[in-house]
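>>> take a look and give me a structure for this.
(chains A and B)
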Amino acid sequence: MADLAFDPKAVEQLSPPLVTGQPSLHDVTEAVSIHTEIETHRNWYIALAISGSVTLLLGSMLAYLIATGIGVWGNNNPVGWGWDITNFVFWIGIGHAGTLISAILFLFRQKWRTSINRFAEAMTLFAVACAGIYPLVHVGRPWRAYWLFPIPNADLAMWQNFRSPLLWDVFAVSTYATVSALFWYVGLIPDIAIIRDRAKTQLRHTIYGIASLGWRGSATHWKNYEKAYMILAGLSTPLVLSVHTIVSFDFAVSIIPGWHTTIFPPYFVAGAIFSGFAMVITLMVIARWVFKVEHLVTMTHLENMNKVILATGTIVGYAYATEFFIAWYSGNEYERFTFINRAMGPYAWAYWSMVSCNVISPQFFWFKKLRTNIPFMFVLSIFVNIGMWFERFVIIATSLHRDFLPSSWGYFRPTIVDILTFFGTFGLFITLFVFFTRFLPIIAVSEVKGMMIQTEHEKHYLPATTTGSTEPVKAH
Amino acid sequence: MAEHSSIHGVVADFDSPDTLLDAVRAARAKGYTKMEAYTPFPIHGIDEAMGAKQSILGYIVLCGSATGLTTAILLQWWTGSIAYPLVISGKPLFAFEFGFPIMFELTVLLSAFAAVFGMLGLNGLPRLNHPIFNYSGVAGSSDDRFLLVIEASDKKFDANETKDFLATLGAEKLEVIEA
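Sure thing, here's the model as predicted:
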C-alpha cells in the first residue's frame, strides 16, 4: 500500500479527480457565480413560462379541490388513500437523497459530495414543498390544518392524539422541512457573500449583502460555522432516516394486510434514497450541461451516484422478495392473499411495472460502460423514478382495494383532477429550480475550494506524512 | 492607544493558505495576540496557530436538545393524561414507547435551531457593516485571497511598525484600514 502512495499515477487511479482541468480558485468562483450575473437568457424566460403555467395549473386544481371537496379525486371506499398519499410519499422520498448527500456523505468525509450537495439540498427543499401540499389538502378542510399541531385554541377544544403515527408524521415532516431549509441556508451564507463581493450594482450588493447576513469569512466565523455545519449534518443524518421510518409507520402501525410489516422502515428508507439519487441524476445531467460545469460535476460524481442507485435498487429488490417470503412464511391467509393479489390481481400491471423499473433496470449499472454513459443513465434514472412512484401506488392501492369482506372490494381510478394536480407539482418543483439556478450559486463554492486545496495538499504531503515527517500544514 | 482610535488595524494580503498560516505563526511568535484572518474557505490549523479557543457552539446545541426533549415529554404527558385524558385502543395515556418519535423530532428541531442561531450569535451576525469592508481588496477574501489583520487593539500595535513587520512575511499588498 505504501508503494501505491508514492506513485502519483496509482493515486490518480485510486481516486479519480473530482475537479478536472486544474482550474484556479478564481476560475471556480467565476464558473459558479457567472450564471447569476449575466443578462437573463431568453431560454430562462421560456423555461419559467412553461413551468410557471404548470404551477398555475396546480394552483387552480388545488383551488377547485378546496372549493369543492376531496370527492373530485378518485379516492373511494375502500381505497381511502389514493394518489394523494402516493404522491406525498413519492415526493418526500425524492427529498431524502439531498439530505443523504449533504449530511451522511459529509460525515463519512466523501469529498465527491461537494460539487453536488447544494443542488441536491435544493432538490430536497423543493421536493418537500411539493410533498407538503398533499397532507395539507387531503384533510378536506385545509383551513383547519392547524388542528394538526398542538396549538391551544377554542374551536377544537381538545388535544391531538399523540398515540397516532399520523401525528408523528406531522412532526417528522415539519421538522424535516425546517431543518433542511436551515441546513441549506447555512451552506449558502458564505457563497451568497461571494456574489455580494462581486456585485457590480448597489442594488445587488444590498440584496445579497442582507441575504449573506454580513458574512466576512473570518477565522472566528469559519470556526463556529464549521462546528454548526458538522452538528447540522450530525442531526440531519438520523433525522432523514427517522422521517421515512415515520412515514412508513403511517402504514406499518395499522393492521391492514400488506402494510402491517416490520420490514417497512428500512425498506422505505432504502427506496427513498434510491428514488432521490435517481432524481439527482435526472436533474444534474441537465444542469451540468446547461450551466457548463462539467469540470466541477464530473463523470466520477455521476458514476458514484449510479453506484448508489445500483446498491439501493438491489436492497429494494431484496425487500420485495422478503415481503413475499414473509407473507408465505407467516401462515396468515390474509397476508398471503394480499401478496398473491398484488402480483396477479387487478393491479398486476402496476406491480410488474414497479418490478421492472426498480429491480431489473438498476442492474444495468453493474457495467461500467453503462453507468458512465450519460444518455443511458438519464433514461434509466427516469425509469427508476417511475418505478418508485409505482411502488407507493402498489403499496397503497393493492392493500386497500381488497377489504376483508368481498362485498367491500373496489378499484381505484384516478380522476383528471388527480392527474393534473400531480402534473402540477412537477411544475412547482421545476419553477423553484428555475429561480434557484438564476439567483443562487448552484455549487457550494467555498466547499469545492477547500476540497481542491486539501486534495492538493494530500498529493504534496502524502509521501512526507507516510515517512513520518512532521509537516506543518496537514490536510484533515 | 488613543492615536489609533480611528484605525481598525493593518491588513496583509496573501496569495495562499500556506503563506497566511506562516504569517499567523510569525505574528504570534513576534508577540501579537489580537489578529483575525479572512479567507474564502476554512483553513485547517489556523485556530491553533492564532491561539483561538474551541467553539462553544456544542454546549449551546446541548441546551437546545435538552429543551426539545423536555418539551416533547411534557407536551405529550400533559395533553394526554392531564388536559385531555382519553383511552384510545386500550393504550396507556402516556408511554415513552409511543412518545419516542415526537421526542426525537422535537429534540432534533430545537437542536438545529440552537446550532444555526447559536452560530449566528457567536459570529455576531447579522451585522450591517464591519471595518474589514473598508479594505480596498476585501472582495478577494471570498475569492482567492487570504487576509491577515493585526488589530489596533493589540498592545504591540503600531501602524508603521506592524506594517513593516507584515511586509517581511511575503504579503503582496498592505493597507491600514479605518475603524
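>>> if you count contacts, what does the top strand by length along chain B end up packed against?
Of all the segments of type strand in chain B, defined by DSSP state E, the longest one is strand B:7-14. Applying 3 or more CB pairs under 8 Å, 6 or more residues apart in numbering or on different chains; DSSP states H and E, one finds that strand B:7-14 contacts helix B:17-30, strand B:146-151, helix B:159-167, strand B:173-178. Quick note: C-beta positions are derived from backbone N, CA and C, even for glycine.
>>> out of the ones you listed, deepest packed?
Counting by mean count of other CB atoms under 10 Å in any protein chain shown, strand B:146-151 has the highest mean neighbour count of the helices and strands packed on strand B:7-14, with a mean of 25.
>>> now that strand: mean pLDDT?
Across strand B:146-151, pLDDT averages out at 88.
>>> show the pLDDT at the residue most central in space within chain B.
Centroid check for chain B by CA atoms, centre = their mean gives residue B:123 as the closest residue, at 4.3 Å. Note on residue B:123: pLDDT of 90.
>>> where does the prediction get shaky in the chain?
All of this is about chain A. Low-confidence segments of chain A, defined by pLDDT under 70, span residues A:1-18, A:20-21, A:456-476.
>>> actually it's chain B I care about, not the one you picked
Residues of chain B meeting the criterion pLDDT under 70: B:1-5.
>>> by proximity to chain B, which residue of the stretch 301-450 of chain A wins?
Nearest residue of the stretch 301-450 of chain A to chain B (CB to the nearest CB) works out as residue A:450 at 3.8 Å.
>>> that residue is in contact with residue B:39, isn't it?
No. Residue A:450 lies out of contact with residue B:39 (CB atoms under 8 Å); the separation is 9.4 Å.
>>> what is the three-state secondary structure of the spatially most central residue of chain A?
What sits nearest the mean C-alpha location of chain A, by CA atoms, centre = their mean, is residue A:95, with 2.4 Å. When states are read from DSSP: H, G, I helix; E, B strand; the rest coil, the local structure at residue A:95 comes out as helix.
>>> so what's residue A:160 up against?
Counting by CB atoms under 8 Å, 6 or more residues apart in numbering or on different chains, residue A:160 makes contact with A:147, A:148, A:149, A:150, A:167, B:79.
>>> just to be sure, which of those are found in helices?
Among those, DSSP state H puts residue A:167 in helices.
>>> make sure residue A:361 is actually in contact with residue A:383.
Yes. Taking CB under 8 Å as the definition, residue A:361 is a contact partner of residue A:383 at 4.7 Å.
>>> those two: which has the busier surroundings?
Counted by other CB atoms under 10 Å in any protein chain shown, residue A:361 and residue A:383 do not tie: residue A:361 has more neighbours, with 21 against 18.
>>> for the longest helix anywhere in chain B, buried residues please.
Secondary structure of chain B per DSSP H: the longest helix is helix B:96-122. For helix B:96-122, the buried set under the neighbour-count rule, 16 or more other CB atoms under 10 Å in any protein chain shown, comprises B:98-99, B:101-116, B:118-120, B:122.
>>> packing partners of it?
Applying 3+ CB pairs under 8 Å, 6+ apart, one finds that helix B:96-122 contacts helix A:165-198, helix A:219-252, helix B:57-77.
>>> nearest to residue A:284, out of those helices?
Across those, residue A:284 has its closest neighbour in helix A:165-198 (16.6 Å, CB to CB).
>>> now for that closest one, which elements pack on it?
On a contact count with 3+ CB pairs under 8 Å, 6+ apart, helix A:165-198 meets helix A:25-37, helix A:83-99, helix A:117-138, helix A:202-211, helix A:219-252, helix A:445-466, helix B:96-122.
>>> residues making contact with the shortest one?
Contacts with helix A:202-211, where a contact means CB under 8 Å, 6+ apart, come from A:188, A:192, A:193, A:195, A:196, A:199, B:126.
>>> re earlier: now, of the contacts of residue A:160, which are buried?
Judged by 16+ other CB under 10 Å, buried ones among the contacts of residue A:160: A:148, A:150, A:167, B:79.
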